[in-house]
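Asks: sequence? don't have it. structure:
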């Protein structure tokens, strides 16, 4: 980033990481994701 942009952005003093272990093969996981219906989900506008 440019120095001008860096001067406007905050400097973060911490980071946060999250992880979720999914027990399934990639094929099983992708099949489940494709079968999901998020039309009634409150999170659906974000997608």
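Replies: Received, thanks. Note that the structure is a prediction, hence the values are computed from the model and not measured. Numbering: from 1, shown residues only.
Asks: what are the ranges of the helices in the protein?
Replies: Using DSSP state H, the helices of the chain run over 3-8, 26-35.
Asks: which one of these lies closest to residue 41?
Replies: With respect to residue 41, and counting by CB to CB, the nearest of the helices of the chain is helix 26-35 at 13.2 Å. Just so you know, the C-beta spots here come from the backbone N, C-alpha and C atoms, and that holds for glycine as well.
Asks: pretty sure residue 32 contacts residue 24?
Replies: Yes - proximity of residue 32 to residue 24 meets the contact threshold set by CB atoms under 8 Å, at 7.5 Å.
Asks: Pick the most deeply packed of the helices of the chain.
Replies: Mean neighbour count (mean count of other CB atoms under 10 Å) peaks for helix 26-35 among the helices of the chain, with a mean of 9.
Asks: From the chain's centroid, how far away is that helix?
Replies: Relative to the chain's own centre, helix 26-35 is displaced by 17 Å; criterion: CA atoms, centre = their mean, to the nearest Å.
Asks: What average pLDDT does that helix get?
Replies: The average of the pLDDT scores along helix 26-35 is 94.
Asks: which secondary structure elements does it contact?
Replies: Using 3 or more CB pairs under 8 Å, 6 or more residues apart in numbering; DSSP states H and E as the contact criterion, no secondary-structure element is in contact with helix 26-35.
Asks: tell me the centre residue of this structure?
Replies: Centroid-nearest residue in the chain: residue 18, 9.9 Å away (criterion: CA atoms, centre = their mean).
Asks: circling back to that earlier point, so which of the helices of the chain gets nearest residue 42?
Replies: With CB to CB, the closest approach to residue 42 among the helices of the chain belongs to helix 26-35: 18.2 Å.
Asks: Contacts for that closest one next, please.
Replies: Among residues not part of helix 26-35, those counted as contacts by CB atoms under 8 Å, 6 or more residues apart in numbering are 22, 24.
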